[in-house]
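Participant: need the 3D shape of this:
(chains A and B)
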Amino acid sequence: MQLVAERLQKKFGAITAVAGVSFGATAGEVLGLLGPNGAGKSTTISMLAGLTKPDSGSVTIDGVTLGTGADPTKRRLGLVTQEIALLEELPARRNLEFFGGLYGLAGHALAARIAAVLELTSLADRAGDPPNEFSGGMRRRLNIACALLHEPQILLLDEPTVGVDPQSRNAIFETIEALAGEGRTLIYTTHYMEEVERLCDRIVIIDHGKVLADDTLAGLLASAPVANKLTLTYDVPPDGAALAEITGLPGVIQVDLAGTALSVSATDLGTAAPRVLERLAARGFSCQELTSRRSNLEDVFLALTGRTLRDT
Amino acid sequence: MSPVFTAFRALVRKDIALFLRDRRALVISVLTPIVLAAFFGSLFGGTGSGGNPISRMAVGITDADDSALTQAVVESLSQDTSLDIRMLPEDQARQLVKSGKLRAAIVFPAGFEAAATGALVGLGKMPDVQLFYDPSQTMVRPMVAGLLTQHVMQRISRPNFIGNSRPAPFNLVNTAVTTGPRYNSYAHSFAGMSIQFILFMGIDAGVTLLLMRQEGMWRRLRAAPLSRAVLLGSRVAATTLISMLILTVVYLVAGLVFGVRIAGSVPGFIMVAITFSVLAATTGLMISALGRSVGATRGVATFAVLVLVMLGGAWVPSFLFPEWLQQVTEFVPTRWAVDGMDAMTWRGLPLQSALAPAAILLGWSVLFALIAVWRFSWEDD
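Facilitator: Got it, this is the predicted structure:
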């Protein structure tokens, strides 16, 4: 199973929402789709789900071009919307019957699939209760279950963990990992970096309707012009001579002083940190507090888009 | 069973299940029209069996003449079952009309008998009889004037006033002209109120689609491999079925409790009911296509429905409208719905009489559906 988005383009009036987005995803792969609000992420998801027709370009599934409306290729897709789109007053089981019915499921086949997705999402014991009596996490899980009834090979998950407690988030992660383990293709959008880092095999970063990066997490971290960061706090801030000496140390990329806090960016913290501490101590500056952080996806995102994901 | 039919059935069942679970919708759509129809029906004569007498008109009389003629006229008016006669001084009578306590007041001037009997044979000037009336009730003035003329003429033409007795040269035989068993004003009020509240339900169905867009449900439905015909057609089918369900319950109550009968053609009644239900459904669909925000759409649509049912004669019979307005209402679908239901219930007309209302309702439905499909924004989620 291979999903390919090729040179997708979509305009709304004079505004270009998506300008030539291309990427692909293979069976068993979890692809993270990241981008600030207004980047073209939602429009891209709409085109991937067969909701919006591209002005140009195409989405193909195993070489078959995806259409809109009643195109049977849509049966191979499942969409988990960002909004919890459930029939709040009807029991969970009735919700599942309804969404299964939309894909032509009925009778024993539908009953079997309902049992399977309830089991997968750990909601079997609450099947008779309506979602408006569920916790936020349970409603999210039911939202996912509704998209799985017709056994789609490709699952589009649009921010599926918004407003979910950590316990339920873990349950959702396990469900996603189980689905990927079954060989399904998952396209996952989120604002939470740690989710992408945990779940996604590959990450596509979109901004201004274009793909800025498409790589594995390791690849992104390696290629990005960002560094690991060491932050040291002193009673007396280091003087100019001390800063000049540190800046000249091997592996040190950048040094910033803000008040009594000294930030040192380095390619390798393991070798840079002892040297910085030693040189400053030799100049009589005694470190009160030290923190270190390795570069992460947030830094990559910031470097590529100029914004943090939380800002979006 | 084909997957398309399974999906269509799932969509229809969902809408019906949600309607049945919504107590507010049930109360507004079923209970409210029954209560209001019962109220309006009792106001306009009830079952027509004499069980609900029309309230008598309170009319004041000032007799400044105090003659045998005026006393006889007052006695005669007092015996009229449509009048509640009160003898009052002129100032008080005028004040009570002004305050709305009396519908009208008649003032016989001094010398009325002499002047009136003389004028009848061409001698002397006719006396002036003052009639004070409430201008807010335009029907009262001609009614009281007519009754007064009738009773004065009956008394003045008797032998002790002039010549020989001259009874009217005919007997008036009153016959209510319907082919039904007997006029039942509940039949009209139930038709009017059903139509009003089913159209409100149609609005709700349209607004629900707007809410579905807001809440992501519409996006999810469109992610399924379903055509526009299935998505919109299922909504029309569901709203039509809900409308039929409401009509069935309301008319069951109307029949069992208020004696409303389908005295005409049952197939004709069903035909009008179905075509009106389709009209309500397509009205909702059009609203969902034209509307943008939920609040504004609901407000505008409610106003439009109220105008439609008012012009359709659901509140006040359309024959009370001015001539030009009656002609305008020929183009109002609710007028045909009310007329169609009246024709099949208390008027007791045959199936042919349902054909024109049904065809016109269907025509409007097709127009509304075309507008909805034309204006529906598919990619706006």
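Participant: check contacts around residue B:365.
Facilitator: Each residue near residue B:365 by CB atoms under 8 Å, 6 or more residues apart in numbering or on different chains is listed here: B:275, B:278-279, B:281-282. All C-beta atoms are positioned from the backbone trio N, CA, C, and that covers glycine.
Participant: between those residues, which has the most around it?
Facilitator: When the contacts of residue B:365 are compared by neighbour count (other CB atoms under 10 Å in any protein chain shown), residue B:279 ends up highest, at 30 neighbours.
Participant: where does residue 17 land on pLDDT?
Facilitator: Just so you know, I chose chain A. Predicted confidence (pLDDT) for residue A:17: 93.
Participant: chain B was what I was after
Facilitator: On the pLDDT scale, residue B:17 is placed at 94.
Participant: so it touches residue A:95, yeah?
Facilitator: No: Residue B:17 is beyond contact range of residue A:95, at 10.7 Å (criterion: CB atoms under 8 Å).
Participant: more neighbours, the two?
Facilitator: residue A:95 (24 against 16).
Participant: thought that one was touching residue A:86?
Facilitator: Yes: contact criterion CB under 8 Å: residue A:95 and residue A:86 qualify, at 5.5 Å.
Participant: can you get me a residue count around the residue lying closest to residue B:136 once chain neighbours are set aside?
Facilitator: Distance criterion CB to CB, 6 or more residues apart in numbering or on different chains; nearest residue to residue B:136, sequence neighbours excluded, is residue B:100 at 7.9 Å. For residue B:100, the count of nearby residues is 11 (other CB under 10 Å).
Participant: three-state assignment of residue B:100?
Facilitator: coil (DSSP: H, G, I helix; E, B strand; the rest coil).
Participant: ok, it to chain A distance?
Facilitator: 49 Å (CB to the nearest CB, to the nearest Å).
Participant: over to that residue: give its phi and psi.
Facilitator: phi 90, psi 0 (degrees, to the nearest 10).
Participant: for the stretch 101-250 of chain A, which segments are assigned as strands?
Facilitator: Secondary structure of the stretch 101-250 of chain A (DSSP state E, counting those that start in this stretch): strands located at A:154-158, A:185-189, A:202-207, A:210-215, A:228-234.
Participant: same question for chain B.
Facilitator: Secondary structure of chain B (DSSP state E): strands located at B:57-63, B:83-87, B:104-108, B:130-133.
Participant: average model confidence for the second one?
Facilitator: For strand B:83-87, mean pLDDT rounds to 91.
Participant: so that strand versus strand B:57-63, what angle?
Facilitator: On the basis of axes from the mean of the first three to the mean of the last three CA atoms, to 10 degrees, strand B:83-87 is oriented at 30 degrees to strand B:57-63.
Participant: chain B contacts on the stretch 201-312 of chain A?
Facilitator: On the criterion CB under 8 Å from any CB of the partner chain, chain B has no neighbours in the stretch 201-312 of chain A.
Participant: relative to chain B, which residue of the stretch 201-312 of chain A is the closest?
Facilitator: For the stretch 201-312 of chain A and chain B, the shortest gap (CB to the nearest CB) falls at residue A:209, measuring 16.5 Å.
Participant: isn't that residue up against residue A:12?
Facilitator: No: counting by CB under 8 Å, residue A:209 stays clear of residue A:12, with 10.9 Å between them.
Participant: which one's more surrounded, these two?
Facilitator: A direct count of neighbours by other CB under 10 Å for residue A:209 and residue A:12 places residue A:209 higher, at 23 against 12.
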